[in-house]
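Trainee: The following block contains a protein sequence and its predicted model.
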Amino acid sequence: MVQYQPPVRSLQPVLDIAPWLDGTNRQGVAREFDRICREIGFFYLVGHGIDTADMRGILHEAQRFFALPDEVKRSLAINASGRGYEPLAAQALDPDSPPDLKESWLCGTELAASHPYVMAALPNHGPNRWPEEALLPGFRAACERYRAQVHALSETLMSIFAIAADAAEDHFAPLFHEPMATLRLLHYPPQPGRVIANQIGCGAHTDWGCFTLLLQDETGGLEVQTAHGEWLLAEPLPGAFVVNLGDMMPVWTNGAYHSNAHRVRNRSPERHRYSVPFFQDLNYYSRIECLPAFRTPDGPPRFAPRTAGEHFELMFRKTREAALA
Ligand SMILES: O=C(O)CCC(=O)C(=O)O
Ligand SMILES: [Fe+2]
């Protein structure tokens, strides 16, 4: 269990990818990306081309969703493929801490029941659990539109990473065929004064995939742990995403890039916090191992190769079982 102590310093790095998107300085963006990721696997992303109205729009959809009556939300309970609604305290992202004070709704690529991955009951593949259109008009369209935008942005980040790793820009594309990418809406109610010792909005954890593109509202409360163990506040920066690297990145880079632990505590006594992470992950069967550019001549890679699916299943089970314990 990580004992909660509020941080004193703030997260700093900002990556501006406008010179990548307009093609004026792709090498420069890749170099800056590499420099930041070797220091900390968390940064603010600006110049990303997604309209602030769309960013505000999806946070508004999150507010609308969580304002639905409890029985409606519970009727959309998370299914075997990991899609749908989870009430407060359904997950313990730090398995040694009390369950998280957040409610959440997850959706991913819509796959038909006849799809081979769904037939094989692979976790995180299958139909989504949308609320009735009449209950929340426009919600589904807004989520699908936003998911497509952040998905495209996550592909840009993979291309930047490929150039930073001395590979071809589309090097990773084959690993992302039918990816396990997931969009999550989150709601953290104001944290009551008295909760179980060390219970916070979202316990300390790392993310399990490649990149997470996180959109947070102005409430604040996200905290990031550096490789040296210090906790930093990742304060909301208007118009920016917070990007963090997931567990696949240290495997690819032999630990040169970090997958930092992070957590959330809504410290406001009256404000509700909403956030919308998009977890970019690979195809279930994609195998990850140390990239040639990051191999050291004097020893084996520090992390065992694994498939994205193996890692996802392990982490999914660990964090949900802990909440039931
Ligand atoms: O709500 C946030 O700011 C972060 C959420 C998060 O870290 C997660 O869902 O993995
Ligand atoms: Fe996370």
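Mentor: Structure received. Ligands and ions are numbered 1, 2, ... in the order given.
Trainee: what is the residue of the chain found nearest ligand 1 paired to in the beta sheet?
Mentor: As assessed by Cβ to the nearest ligand atom, ligand 1 sits closest to Ser275 within the chain, at 3.5 Å. Using the backbone N, CA and C atoms, a C-beta is placed for each residue, glycine as well. Counting by DSSP bridges, Ser275 is bridged to Leu186, Gln216.
Trainee: Can you tell me how far it is from Gly221?
Mentor: Look at Ser275 and Gly221: by Cβ to Cβ, to the nearest Å, they are 9 Å apart.
Trainee: Now do the shared contacts for these two.
Mentor: Counting by Cβ atoms under 8 Å, 6 or more residues apart in numbering, the contacts common to Ser275 and Gly221 are 188, 264.
Trainee: What residues of stretch 24-32 count as buried?
Mentor: 26, 29-30, 32 (16 or more other Cβ atoms under 10 Å).
Trainee: ok, the residues you listed vs Leu101, which is closest?
Mentor: When those are compared for distance to Leu101 (Cβ to Cβ), Glu32 wins out at 36.0 Å.
Trainee: show me the contacts for the closest one.
Mentor: Glu32 makes contacts with Leu15, as judged by Cβ under 8 Å, 6+ apart.
Trainee: Could you tell me whether it really is in a helix?
Mentor: Yes - per DSSP: H, G, I helix; E, B strand; the rest coil, Glu32 lies within a helix segment.
Trainee: Who's the closest spatial neighbour of Glu289, skipping the chain neighbours?
Mentor: Leaving aside its sequence neighbours, Glu289 sits nearest to Pro305 (Cβ to Cβ, 6 or more residues apart in numbering; 3.8 Å).
Trainee: now swap in Thr52 and tell me
Mentor: Nearest non-adjacent residue to Thr52 (Cβ to Cβ, 6+ apart): Gly239, at 5.2 Å.
Trainee: What residues does the one you found make contact with?
Mentor: 46, 52, 55.
Trainee: Just the buried residues of the residues you listed.
Mentor: Among the contacts of Gly239, the ones that count as buried (16+ other Cβ under 10 Å) are Met55.
Trainee: Just the contacts of Gly239: which are in helices?
Mentor: Among the contacts of Gly239, the members found in helices (DSSP state H) are 52, 55.
Trainee: Between the contacts of Gly239, which sits nearest Phe211?
Mentor: For these, the nearest to Phe211 is Val46 (15.5 Å; Cβ to Cβ).
Trainee: and the closest one, what pLDDT?
Mentor: What the model reports as pLDDT for Val46 is 98.
Trainee: how about the residues of this structure that lie near ligand 1?
Mentor: When proximity is defined by Cβ under 6 Å from any ligand atom, the chain lies next to ligand 1 at 184, 186, 202, 207, 214, 216, 222, 262, 264, 275, 277.
Trainee: ok so the last one is a strand residue?
Mentor: Yes - counting by three-state DSSP, Pro277 is part of a strand.
Trainee: residues near the spatially closest residue to it that is not a sequence neighbour, how many?
Mentor: Spatial nearest neighbour of Pro277, chain neighbours left out: Leu214 (4.5 Å); criterion: Cβ to Cβ, 6+ apart. Residue neighbour count, defined by other Cβ atoms under 10 Å, stands at 24 for Leu214.
Trainee: Going by neighbour count, list what's buried in the lengthiest helix in the chain.
Mentor: Selection of the longest helix in the chain by residue count, based on DSSP H, yields helix 139-164. By neighbour count on 16+ other Cβ under 10 Å, the buried set for helix 139-164 is 139-140, 142-143, 146-147, 149-151, 153-164.
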